[in-house]
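**Q** 3D model of this:
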Amino acid sequence: MLTKGDAILMEEETVRPETKPEQSSYTRRRFLTTTAGTGAAMFLAACGSSSSSSSSKTSSASAASGGKVTLNNLFQQQAGYSASDLAGMTAAFEKANPNIKVNNTLVAYEALHDKIVAAAPAGTYDVVLGDVIWPAEFGSKGIVKDISGSVNSLPIHQIFPGALVMANYRNKYYGMPWILDTKYLYANGSMLKKAGVAPSDLKTWPGVVAALKKIKAKGIVKYPWLGSWSQAEAVVCDYAQLLGAFGGKFLDANGKPAFQSGGGLQALQFMRMLITEGLADPASTSSLEADVLKAFAQGKIAMNLNWTFQLAGALDPKQSNVSKDDVMIMHTPAGKPGGPAPGCNGGQPVMLTTGTKHPNEAWEFIKFITSQPVQNGYVKDSLPIWSASYTDPAVIKAAGSQLVSVAKTQLPNMILRPQVTNYNAASQALQVQIQDALLGKKSPQDALNSAASSFSSGAPPA
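**A** Coordinates of the predicted model:
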């Protein structure tokens, strides 16, 4: 299991298809804490007016001559798909394409963004794993290619809309959706039963609060809720989910900050209330998703929000003290009966770099690992982007009917974090302000007012 110390991990690991490195099981992504503005500026100066035509010619000439093409790709260690999943996909691709050799380099999540930006001027990588929050920056700065033509050549009407938007910025695709994930509500069924709470009581956030109060009053656990509210991207994901549930928006129709009022303000007030009323563990402000999973698996909390990976961890008897029958995964609650109940979009697209010398082969690799047959074979850690997969008996058996049934309702209903070209810096400012509000250093209103000034370059609806 990765620890918080991994937040400073910057080593790289090159993984060949035949290798199976030891993995940090049941961890999702780590969270970004730095920016790379200078690297981006260097890249813009370096790329100048270069076009993809010369790269295409180089790639085509290599293939026509029968020469071996090598793709150098950058991925993340344990992001949805595990390192061994990626190795298996790569081995199958190389077998089907013997003229293409693939080298995959894996880095920690917090190194991924900066590594992509820093490597861009030299064209070091052909394919990179992005994040749902980066297309605006990478696309506007020319770090990755607009591959709209290639993406639109696929039957994209068969892909969940929430998956497609992870790679889209201003109606252009700067990647192909690959990892599809969102946050769900998890609950300990035994604790609910002892408190006289029915799962149907948890369809709204007021219902969740009432349930938490019953659990606390009966002394089942001291703090029935734990949030992943450390000063990191994790807290923005939980905040986004609550903002959506209370009917808020990050940006208005003109791309200007709108989260400092309405549902955005209500969301932060709600988070603060959980702490002040003793329903959420004060440790929430220093916890990440892995910490939340651990607390749930040890039976220390009754409910929480988390990504898909928590289900596998909570069901693993090697990690969990909770009975399998008591592990519940549910659609995230709405702010009020009949209101919106979106999960946070945690997708990650694979992107084709502007500097690749082998765009055709790189696209073939992207198309292969994102294809429905390949994704259907690796559903333990990440569910497919293809809607038809959710009625496939093999997928249901491998992923589990409990997960597939709730995913079918949650994945089409997700909220996207704001598409701004300065997202990393803006998110960090929001993280700081949310932390101040949760710790009582500022009022939620003052905190959000301060954070709003950091959001710029919003993308108004096309």
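**Q** Below-threshold pLDDT in the stretch 1-150 of the chain: ranges please.
**A** For the stretch 1-150 of the chain, applying pLDDT under 70 flags the ranges 1-66, 78-79.
**Q** Can you show me the strands along the chain?
**A** With DSSP state E as the definition, the chain shows strands at residue ranges 13-15, 69-76, 100-107, 127-129, 168-169, 172-173, 176-179, 184-188, 303-306, 327-330, 343-344, 348-352, 414-415.
**Q** Columns mean neighbour count and distance to Ser84 on top of those strands, output as a markdown table?
**A** The way it works is simple: take the backbone N, C-alpha and C, and place the C-beta from them, glycine included. Shown next, in a markdown table, are the strands of the chain (neighbours: other C-beta atoms under 10 Å; distance: least, C-beta to C-beta, whole Å):
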| stretch | mean neighbour count | distance to Ser84 |
| --- | --- | --- |
| strand 13-15 | 14 | 9 |
| strand 69-76 | 22 | 12 |
| strand 100-107 | 20 | 11 |
| strand 127-129 | 27 | 16 |
| strand 168-169 | 21 | 30 |
| strand 172-173 | 20 | 28 |
| strand 176-179 | 27 | 15 |
| strand 184-188 | 24 | 25 |
| strand 303-306 | 26 | 23 |
| strand 327-330 | 20 | 24 |
| strand 343-344 | 27 | 27 |
| strand 348-352 | 27 | 18 |
| strand 414-415 | 26 | 27 |
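**Q** what would those look like in JSON lines with distance to Leu274?
**A** JSON lines is the format used below for the strands of the chain (distance: least, C-beta to C-beta, whole Å):
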{"stretch": "strand 13-15", "distance to Leu274": "38"}
{"stretch": "strand 69-76", "distance to Leu274": "31"}
{"stretch": "strand 100-107", "distance to Leu274": "34"}
{"stretch": "strand 127-129", "distance to Leu274": "33"}
{"stretch": "strand 168-169", "distance to Leu274": "34"}
{"stretch": "strand 172-173", "distance to Leu274": "38"}
{"stretch": "strand 176-179", "distance to Leu274": "29"}
{"stretch": "strand 184-188", "distance to Leu274": "14"}
{"stretch": "strand 303-306", "distance to Leu274": "11"}
{"stretch": "strand 327-330", "distance to Leu274": "18"}
{"stretch": "strand 343-344", "distance to Leu274": "17"}
{"stretch": "strand 348-352", "distance to Leu274": "29"}
{"stretch": "strand 414-415", "distance to Leu274": "20"}
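**Q** Figure out which of those is closest to Met271.
**A** Nearest to Met271 among the strands of the chain is strand 303-306; the distance by C-beta to C-beta comes to 10.9 Å.
**Q** pLDDT (mean, whole number) over that closest one?
**A** Taken as a whole, strand 303-306 has a mean pLDDT of 98.
**Q** counting contacts, what elements does it pack onto?
**A** strand 184-188, helix 205-217, helix 289-297 (3 or more C-beta pairs under 8 Å, 6 or more residues apart in numbering; DSSP states H and E).
**Q** can you tell me which of those comes nearest to Trp134?
**A** Using C-beta to C-beta, the nearest of the helices and strands packed on strand 303-306 to Trp134 is helix 289-297, at 19.4 Å.
**Q** about what we covered before: for Gly139, find the nearest of the strands of the chain.
**A** Short answer: strand 168-169, nearest of the strands of the chain by C-beta to C-beta, at 4.7 Å.
**Q** The closest one: how far from the chain's middle?
**A** Its chain's C-alpha centre and that of strand 168-169 lie 16 Å apart, by C-alpha atoms, centre = their mean, to the nearest Å.
**Q** and that strand, what does it pack onto?
**A** Using 3+ C-beta pairs under 8 Å, 6+ apart: strand 168-169 touches helix 135-140.
**Q** And the helix it packs on, what does it pack against?
**A** Against helix 135-140 (3+ C-beta pairs under 8 Å, 6+ apart) you get strand 168-169, helix 423-438.
**Q** Ile396 is nearest to which of the strands of the chain?
**A** strand 327-330 (14.6 Å).
**Q** what about stretch 120-133, start to end distance?
**A** One end of stretch 120-133 sits 18 Å from the other (C-alpha to C-alpha, to the nearest Å).
**Q** now do stretch 306-318
**A** Stretch 306-318: ends 20 Å apart by C-alpha to C-alpha.
**Q** Now find how far off-centre it is within its chain.
**A** 16 Å.
**Q** One more: stretch 310-319?
**A** 20 Å.
**Q** Ramachandran coordinates for the residue most central in space within the chain?
**A** For the chain, Gly346 is the residue whose C-alpha lies nearest the centre (C-alpha atoms, centre = their mean; 2.5 Å). When read as degrees, to the nearest 10, the backbone of Gly346 gives phi -110, psi 30.
**Q** likewise Asp146?
**A** phi -80, psi 110.
**Q** Just give the number of residues close to it.
**A** Taking other C-beta atoms under 10 Å as the neighbour definition, Asp146 ends up with a count of 18.
**Q** What of Asn422?
**A** When neighbours are counted by other C-beta under 10 Å, Asn422 comes out with 17.
**Q** Touching, it and Lys141? I think so.
**A** No. Checked against C-beta atoms under 8 Å, the pair Asn422 and Lys141 is beyond contact range at 10.8 Å.
**Q** what's the overlap in contacts for the two?
**A** Contact criterion C-beta atoms under 8 Å, 6 or more residues apart in numbering; residues shared by Asn422 and Lys141: none found.
**Q** Okay then, goodbye and thanks.
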